[in-house]
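K.L.:
What would the 3D arrangement of this be:
(2 chains)
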Amino acid sequence: MSTRVRFAPSPTGYLHVGGARTALFNWLFARHTGGKLILRIEDTDKARNTPEAVQAIYDGLNWLGIDWDEGPLKGGDHGPYFQSERDAIYQKYFDILVASGRIYEDHGTMRFKTYRGNTTVEDVICGNVTFDMSNPVTNPDMTIRRPDGGWIFHFVNVVDDIEMKMTHVIRGEDHLSNSPKHVQLYEALGAKPPLFGHIPLILNKDGSKMSKRDQGASVQSYIEGGYAPEAVINYLCLLGWSPKDNREKLDLSEITPLFELENVNRRNAHFDLDKCFWLNGQYLAQMSLARFRDLSLPFIQKAGIVIDDEEKLLEALAIVKEKIKHLGDVPDWISYFFTDAYPYDEASVEKTLKKPGALDNLQALREAYANVSTWDAATLENSLKETAAARGVKTGELIHPARVAASGRSVGPSLYHLLEVLGKTKVLDRFATTVTRFS
RNA sequence: GACCCUAUCGUCCAGAGGUCUAGGACACUCCCCUUUCACGGGAGUAACACGGGUUCGAAUCCCGUUAGGGUCACCA
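P.N.:
Okay, the predicted model is just below:
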């Protein structure tokens, strides 16, 4: 039998990293087992759901590259995939429950009588967990329908998992204590419960619960923050799972064949943005220039940099690619290639240009560069070193002013490559402008 | 409070009774490379929560304690 799993988020306005990881583990399980991943939107709480919130889920999953086989925008044989549109189905199952005698009314709500005995949840990750359901205080009868006729999570969740023929339910560990109740619902409905896989939660680095506002909590923050989706995916996979051979950087095609639900850890993971950041740098440095360009473009446009020369853009990106850890840094690192109105970093000006002799050195370098026969990094390096030697100063005395004069800043790509890409005319102009401006 | 899950460096992950004087990664410190920044290379600091068992032998198995997390909604 082919496996079927689902990601069933509630549209709350954003996609939480924990939810993203749940989706990811479901995706990995489906792909690994050759099964299907279903997306189902759990929007039974009318008061809280908006179309924008649903869109945030699509956007987050799309960005991460997590695709689904059945669900909204995709269709399938088990729809509709919005719970708000499945009322007739719920009514049908509700009638079965009523007929079983397990339903009673309480202040207008409909409640499901809990069976007061041991109930076992078969869990692939946690092992079989048996709950003693005899205490009505800890395990009260579940409310499954509101006075206004609206359905409640526990019921619709189980009904849909039956109707959509789920073989496994992979979800956050926060649901583990709910699961025995769900198992009872399956049994009352005459269905065999699926196999569960409760994955540990993601907490903040200090162990506190991750809330909406915490750093790195929403997928949107990675999109806006300059992360490559493959880096975030990779990091998320490493939270609670590992390839067992100490590899850190792996892509989905490498992870999929290795991913076994049984090997998912049981302990909560503390989120470490530093490592995600590092991984991002690794991905940026190693990805193709074409992809780096595509990922950088939105940030370049947002910064208002006008690119009139695609060749120049690729040249500029090529020399900064391996040094950048964050796509959000791209504009600052390349703006001076495309405009002469780049800002001068105050601290760098103070430290290098205002240094005695700096402008004289710069002027000398300009003269040397005006006379070079070829304009490439190697030539520029040699020329700079010769100039330094001739003047009896360290090369650093020329490097620093040259960098600030050419780019306005003291950090960036290799100076000689920077100058090569910038071009002879601009370099000579900027050296001259700088000498005049700071004399 | 009751019930459930968990417990290896600050963090993530290896370790499924002897190969562990516990390995890798991030972060941090130092050194080398580069007379920028960074990358890269090398080194270092740093952990089996505690107490009992079981066993010839335990990070690994069992029990307890402690700690953290979760659930106990007309939220999902």
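K.L.:
does residue A:196 sit in a helix, a strand or a coil?
P.N.:
At residue A:196, secondary structure determined by DSSP: H, G, I helix; E, B strand; the rest coil is strand.
K.L.:
give me the beta-bridge partners of it?
P.N.:
Judged by DSSP bridges, the bridge partners of residue A:196 are residue A:123, residue A:169.
K.L.:
Does it touch residue A:120 like I think?
P.N.:
No: Residue A:196 lies out of contact with residue A:120 (Cβ atoms under 8 Å); the separation is 10.6 Å. In short, each C-beta sits where N, CA and C put it, glycine included.
K.L.:
which of these two has more neighbours?
P.N.:
Comparing residue A:196 with residue A:120 by other Cβ atoms under 10 Å, the one with more neighbours is residue A:196, at 22 against 13.
K.L.:
In contact with that one, which residues?
P.N.:
Residue A:196 sits next to A:121, A:122, A:123, A:124, A:125, A:126, A:168, A:169, A:170, A:171, A:176, A:179 when contact means Cβ atoms under 8 Å, 6 or more residues apart in numbering.
K.L.:
for chain A, which spans come out with low pLDDT?
P.N.:
Within chain A, the ranges that satisfy pLDDT under 70 run A:47.
K.L.:
show me where it has strands.
P.N.:
Using DSSP state E, the strands of chain A run over A:4-7, A:36-39, A:103-106, A:109-112, A:118-121, A:129-132, A:142-145, A:168-172, A:195-199, A:202-203, A:269-270.
K.L.:
list the buried ones in stretch A:3-16?
P.N.:
By neighbour count with 16 or more other Cβ atoms under 10 Å, stretch A:3-16 contains the buried residues A:3-16.
K.L.:
Turn the contacts of residue A:196 into TSV, columns for distance to RNA strand B and neighbour count.
P.N.:
Formatted as TSV, these follow (distance: Cβ to the nearest atom of the strand, whole Å; neighbours: other Cβ atoms under 10 Å):
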residue	distance to RNA strand B	neighbour count
A:121	8	24
A:122	12	15
A:123	8	19
A:124	12	19
A:125	8	21
A:126	5	18
A:168	18	21
A:169	13	24
A:170	15	26
A:171	9	23
A:176	5	18
A:179	9	22
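K.L.:
The buried residues of stretch A:3-16: which two are farthest apart?
P.N.:
The most widely separated members of the buried residues of stretch A:3-16, counting by Cβ to Cβ, are A:3 and A:13 (30.8 Å).
K.L.:
Residue A:179 reaches residue A:198, doesn't it?
P.N.:
Yes: applying Cβ under 8 Å, one finds residue A:179 in contact with residue A:198, separated by 7.4 Å.
K.L.:
what's the distance between the closest residue to residue A:352 other than its chain neighbours and RNA strand B?
P.N.:
Closest residue to residue A:352 apart from its sequence neighbours, by Cβ to Cβ, 6 or more residues apart in numbering: residue A:400 at 4.2 Å. Per Cβ to the nearest atom of the strand, to the nearest Å, residue A:400 is found 6 Å from RNA strand B.
K.L.:
Format the CA atom coordinates belonging to the lengthiest helix in chain A as PDB.
P.N.:
The residue-count maximum for a helix in chain A (DSSP state H) belongs to helix A:17-33. The C-alpha trace of helix A:17-33 is given here as PDB (Å, rounded to 0.1, in the frame of the first residue of the first chain):
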ATOM      1  CA  VAL A  17       9.500  27.400  11.000                       C
ATOM      2  CA  GLY A  18       8.100  24.500  13.100                       C
ATOM      3  CA  GLY A  19       5.300  24.100  10.700                       C
ATOM      4  CA  ALA A  20       7.700  24.400   7.800                       C
ATOM      5  CA  ARG A  21       9.700  21.600   9.300                       C
ATOM      6  CA  THR A  22       6.600  19.500   9.800                       C
ATOM      7  CA  ALA A  23       5.800  20.000   6.200                       C
ATOM      8  CA  LEU A  24       9.300  19.200   5.200                       C
ATOM      9  CA  PHE A  25       9.400  15.900   7.200                       C
ATOM     10  CA  ASN A  26       6.100  14.900   5.700                       C
ATOM     11  CA  TRP A  27       7.400  15.700   2.200                       C
ATOM     12  CA  LEU A  28      10.600  13.700   2.800                       C
ATOM     13  CA  PHE A  29       8.600  10.800   4.100                       C
ATOM     14  CA  ALA A  30       6.300  10.900   1.100                       C
ATOM     15  CA  ARG A  31       9.200  11.200  -1.400                       C
ATOM     16  CA  HIS A  32      11.200   8.500   0.400                       C
ATOM     17  CA  THR A  33       8.400   6.000   0.400                       C
END
